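A.B. asks: Give the three-dimensional model of this entry:
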Amino acid sequence: MSNTGPEGSVPPAPSGGRGAGLRPARAAAGQGRERPLVGRASALLTWRAAAFVALAVAVGIYYGVHQRLFELPLWWDLAWLCFVLIPAVFGLVYLALPLWRTPALWLFLAALGFGALALVLQAAGAGPVANFAKLAAMTAIGWCFLRFFEEVSWVVLVAVIVPWVDSYSVWRGPTKTIVTEKPEVFSALSFTFPVPGQQGGAKLGLPDLLFYALFLGASARFGLRPFWTWLCLTASLGGTMALATAFDVDGLPALPLLCLGFLLPNADLLWRAVRQRKLKEA
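C.D. replies: Numbering: from 1, shown residues only. As a prediction, this is how the structure comes out:
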């Protein structure tokens, strides 16, 4: 559903990866260079945690005060969403990316917990806070589903199929029905990006959040390009909003460009992985 308006145990798969992090043959576990590597990993996680907290505070302040800010013209509102707010919101997902390795059971329980919290907050009228409970729940579900993808080719297949399903749903299917006939239901099942000086904003369906997390997690699991994937996925959402604004339509399906945001920055690595699989099967 989309309406984009104005394993612990699963190691990264080697197919198509850029540097599988192979240990030198002479370095036994717990010896040699292992201690510095562990130290660097710990420092990286500490940096990510600090950046996550700082970014979360900044985004939270904006969501709290955005209605009291000055209004902007339409295309300046769009620029703010595309170049500032959307990257900031999904920057939280990028900074939390190492958590994709969390055991599936814990991810599933986290999804249930954040989903229940979102329902409670929505019912209590705390919509802005409920937004981020929804984001956390969908991210956890996406990374939980990632466990079912044993090969990167499976992710590619999903990225090829779901744009057609999403497009049908938005233009003729259940999403169109919900948006036109039950907008309050869509509001409850979407994430809002508020614009300055106004109460409303652009909305993104919860399934789009799920696929965002799935594609970003897949880029990390299968050794692709996580940063460039994050950048292109985020830009794709802004691009969809810009098209919806330019053509003056209530909403466009987000998954077509979102899937391209996963495929394009990793095209050579994905092609190599698919070819290697075919060679093995032959």
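
A.B. asks: show me what contacts the closest residue to Pro163 other than its chain neighbours?
C.D. replies: Residue nearest to Pro163 in three dimensions, not counting chain neighbours: Pro256, with 3.9 Å by C-beta to C-beta, 6 or more residues apart in numbering. Quick note: C-beta positions are derived from backbone N, CA and C, even for glycine. For Pro256, the contact set (C-beta atoms under 8 Å, 6 or more residues apart in numbering) comprises 163, 166-167, 240.

A.B. asks: And Gly127, by the same measure?
C.D. replies: Residues in contact with Gly127 (C-beta under 8 Å, 6+ apart) are 121, 192.

A.B. asks: surely Pro87 meets Thr234?
C.D. replies: Yes: with contact defined as C-beta atoms under 8 Å, Pro87 counts as touching Thr234 (5.2 Å).

A.B. asks: More neighbours: which of these two?
C.D. replies: Thr234 (24 against 18; other C-beta atoms under 10 Å).

A.B. asks: Assign a three-state SS to that one, would you?
C.D. replies: Three-state assignment for Thr234 (DSSP: H, G, I helix; E, B strand; the rest coil): helix.

A.B. asks: Tell me the spacing between it and Gln122.
C.D. replies: As judged by C-beta to C-beta, to the nearest Å, Thr234 and Gln122 stand 25 Å apart.

A.B. asks: Leu270 too?
C.D. replies: Distance from Leu270 to Gln122, by C-beta to C-beta: 38 Å.

A.B. asks: same thing with Trp75?
C.D. replies: 31 Å.

A.B. asks: Which helix or strand contains the residue nearest to Pro163?
C.D. replies: Using DSSP states H and E, Pro256 falls within helix 255-263.

A.B. asks: Check which element follows that helix along the chain.
C.D. replies: Using DSSP H and E, the helix or strand that follows helix 255-263 in sequence is helix 267-281.

A.B. asks: what's the angle between that following helix and helix 255-263?
C.D. replies: Here helix 267-281 runs at an angle of 80 degrees relative to helix 255-263 (axes from the mean of the first three to the mean of the last three C-alpha atoms, to 10 degrees).

A.B. asks: quick one, phi psi at Ser190?
C.D. replies: Note on Ser190: backbone dihedrals following degrees, to the nearest 10 are phi -140, psi 170.

A.B. asks: Repeat that for Ala126.
C.D. replies: Main-chain torsions, Ala126, degrees, to the nearest 10: phi -100, psi 60.

A.B. asks: now Ala220
C.D. replies: Residue torsions, per degrees, to the nearest 10, at Ala220 are phi -80, psi -40.

A.B. asks: count of residues packed around it?
C.D. replies: Neighbourhood size, Ala220 [other C-beta under 10 Å]: 20.

A.B. asks: and the gap between it and Pro98?
C.D. replies: On the measure of C-beta to C-beta, Ala220 and Pro98 end up 8 Å apart.

A.B. asks: Skipping its backbone neighbours, what lies nearest Phe215 in space?
C.D. replies: Using C-beta to C-beta, 6+ apart, the closest residue to Phe215 is Phe262 (3.9 Å).

A.B. asks: Quick one: residues contacting the one you found.
C.D. replies: For Phe262, the contacting residues are 155, 159, 215, 218-219, 229, 232-233, by C-beta under 8 Å, 6+ apart.
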